[in-house]
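Model the following, please.
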Amino acid sequence: MTDKPDDKPDKPRRRLPRSVREQEILDAAVQVFSKRGYRAAVVDEIAELAGISKPMVYLYLGSKEGLFVACVRRESARLVAAFREAADAGGPPEGRLWAGLAAFFGYVAEHRDSWVVMHRQAPEQGEEIAGELAAARRSVMAEVTGLVGAGIAEGGGGPIKLGAEDAEFVAHALVGAADSLTDWMERHPGESPEAVTVRLMNVMWVGMRNVLAGEVWSRPEG
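Residues are numbered from 1 along each chain as shown. Down below sits the predicted model:
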């Protein structure tokens, strides 16, 4: 008697390289952490979503905290890489900054689970996770500061002279505004990443350019 197709035993799950399996686990973990939060998330659900056993998750990542740190590290690196790749495409500093910011907002819009983990949950965790976020922020800040400084140098022939400290000030304002605007984007889903970038550039870059041209704000009297 021959077995019917439905009677055949299930094929064993194909063995994958460790690096590929780890990425699958992290993909599942980002989804669960984003949905549940760090404290409420359970490794059982992550393992089930990844299609492996709970002990295998511990074998690969060590602990729930280690899994969360790995998620933050990977997602931060991807975000920085997206900004850097777009900003390094060439052209004037103004265009490169626009491209980098548009890539940043585009990444957040397309990878919302990732941003929720980094932006809302990770800051509430321990020192190691805070260190990962700080390192990623420093990388982006250095890129933005360099582009702003280059823009100041290009437009610095006017009556107002800005320097390295001004470039750092504008960069911090830009990065802080970009972080905050991601929450605004969630409440305004009709706004594209490009449109949000244009708005931010109008406020920050045009403002800096006006200062270089001699237009400065002064406190009203009275």
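
CA atoms for contacts and neighbours, from now on please.
OK.

quick one: the residue nearest to the spatial centre of the chain and residue 72, what's the gap?
The centroid of the chain falls nearest to residue 79 when counting by Cα atoms, centre = their mean (3.8 Å). Between residue 79 and residue 72 the computed distance is 10 Å (Cα to Cα, to the nearest Å).

Backbone torsions only: list them for the residue nearest to the centre of the chain.
According to degrees, to the nearest 10, the main-chain angles of residue 79 amount to phi -70, psi -50.

dump the residue contacts of it.
Listed by Cα atoms under 8 Å, 6 or more residues apart in numbering, the contact partners of residue 79 are 104, 107.

try it again with 10 Å
If you count contacts by Cα atoms under 10 Å, 6 or more residues apart in numbering, residue 79 has them with 103, 104, 105, 106, 107, 108, 111, 114, 115, 136, 140.

The first one: helix or strand, and which one exactly?
It refers to residue 103. Take DSSP states H and E as the rule and residue 103 turns out to sit in helix 93-110.

what's near enough to touch the closest residue to residue 204 other than its chain neighbours?
Residue nearest to residue 204 in three dimensions, not counting chain neighbours: residue 174, with 7.0 Å by Cα to Cα, 6 or more residues apart in numbering. When the contact criterion is Cα under 10 Å, 6+ apart, the partners of residue 174 are 101, 141, 144, 145, 148, 168, 180, 200, 201, 203, 204, 205.

hmm, which two among these are most spread apart?
Across those, the longest distance by Cα to Cα is 19.6 Å; it joins 148 and 180.

Neighbour count: the two, which is higher?
Residue environment comparison for residue 148 versus residue 180 gives the larger neighbour count to residue 148, 25 against 12, counting by other Cα atoms under 10 Å.
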